[in-house]
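> predicted model and sequence follow; I will ask about them next.
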Amino acid sequence: MEEKPTDEKTFEQYREGLKQEGMRLACFIRVFRLLHERRANRLEELNIAPNFFQTVTNALFSAIVLWIDKLFAPDSQRGLYNFLKFVEHHRAIFSIEALKHRRGLPDDHWLLERAEPVEYGTVEADREAIANFESLKSFRLRRDKFHAHFDKHFFFDRSRIDEEAPLTWSDLDKAMKLFKHILNRYSAAYDGEVFHVEPLNIDDLNYLLDRLHQTKPP
């Protein structure tokens, strides 16, 4: 008979899963943004294979829309809302005493002095932060009406999606900032560990474009 995981083990698995998906989203956003930024000084290199880079850009944007909605949607079975629900019902594992025991820390350790207890109000404040993130409505509309399913109105009028579900670079930054804030708040309370959730190997694209620039004939 399979043994039921402890609350601590469940949190650790949940945290790891969210961290992986947050890293995936961070990579999507960074490469997507970099492809736009490098048009300023590497447009000629991007135009060596314009269809490829346009396809990548479009695919990344679809992935960004889907991932932000998956992570923040109230009905997502393993998104941030469900994560906060787990935390709410298992606040005992985030107590300062639990942190002290888990890490084997002395009473005067600096980590205990900086630790903040996880209370119901703490969790509720993070729920409100998600609910008050206005741009999530745009991500959800884009997901439901175009990127995950086709709505006939948006299918025949592609400009309509930009009018009814506007997004900015700032919206992408805010989504990542809020994700990291929530993940790291409870990770720090649990065992003091925090994550940067930054994209990996982001210099790969810069290296490719700069090499193309250096080797092109005069």
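Now that the structure is in, tell me what you want to look at. Residues are numbered from 1 along each chain as shown.
> contacts only, for residue 79.
Neighbouring residues of residue 79 by CB atoms under 8 Å, 6 or more residues apart in numbering: 70, 71, 72, 73. Bear in mind the C-beta positions are built from the backbone N, C-alpha and C, glycine included.
> just the buried ones among those, please.
Among those, those classed as buried by 16 or more other CB atoms under 10 Å are 70, 71, 72, 73.
> roughly how far does the spatially closest residue to the first one that is not a sequence neighbour sit from residue 94?
Residue nearest to residue 70 in three dimensions, not counting chain neighbours: residue 76, with 5.4 Å by CB to CB, 6 or more residues apart in numbering. Using CB to CB, to the nearest Å, residue 76 is found at 22 Å from residue 94.
> compare these two (neighbour count), which wins?
Set side by side, residue 76 and residue 94 show more neighbours around residue 94, with 24 against 14, by other CB atoms under 10 Å.
> out of the contacts of residue 79, who's nearest residue 128?
residue 72 (13.0 Å; CB to CB).
> and that closest one, what does it touch?
For residue 72, the contact set (CB under 8 Å, 6+ apart) comprises 79, 80, 81, 130, 133, 136, 139, 175, 178, 179.
> if any of those are buried, put those into a ChimeraX selection.
The buried subset of the contacts of residue 72, as determined by 16+ other CB under 10 Å, is captured in ChimeraX by this line:
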select :79,80,81,130,133,136,139,175,178,179
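> which among the contacts of residue 72 gets closest to residue 213?
For these, the residue nearest residue 213 by CB to CB is residue 175; the value is 31.9 Å.
> state the next helix or strand along the chain beyond the helix ranked longest in the chain.
Longest helix of the chain, by residue count under DSSP state H: helix 7-37. For helix 7-37, the following helix or strand on the C-terminal side (DSSP states H and E) is helix 39-46.
> tell me the angle the next helix-or-strand element following that next one makes with helix 39-46.
Sequence order places helix 50-72 as the next helix or strand after helix 39-46, per DSSP H and E. Going by axes from the mean of the first three to the mean of the last three CA atoms, to 10 degrees, helix 50-72 is angled at 130 degrees with respect to helix 39-46.
> please write out the alpha-carbon positions of helix 50-72 in CSV.
Taking C-alpha atoms only, helix 50-72 is exported to CSV below (Å, rounded to 0.1, in the frame of the first residue of the first chain):
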residue,chain,number,x,y,z
PRO,A,50,12.5,35.8,-41.0
ASN,A,51,9.9,33.0,-41.1
PHE,A,52,11.8,31.0,-38.5
PHE,A,53,12.1,33.9,-36.1
GLN,A,54,8.5,35.0,-36.6
THR,A,55,7.3,31.5,-36.0
VAL,A,56,9.3,31.3,-32.8
THR,A,57,8.0,34.7,-31.6
ASN,A,58,4.4,33.7,-32.3
ALA,A,59,4.9,30.3,-30.5
LEU,A,60,6.5,32.0,-27.5
PHE,A,61,3.6,34.5,-27.1
SER,A,62,1.0,31.7,-27.2
ALA,A,63,3.0,29.8,-24.6
ILE,A,64,3.3,32.9,-22.4
VAL,A,65,-0.5,33.5,-22.5
LEU,A,66,-1.2,29.8,-21.7
TRP,A,67,1.3,29.6,-18.9
ILE,A,68,0.3,32.8,-17.1
ASP,A,69,-3.3,31.7,-17.2
LYS,A,70,-2.4,28.2,-15.9
LEU,A,71,-0.4,29.6,-13.1
PHE,A,72,-2.8,32.3,-12.0
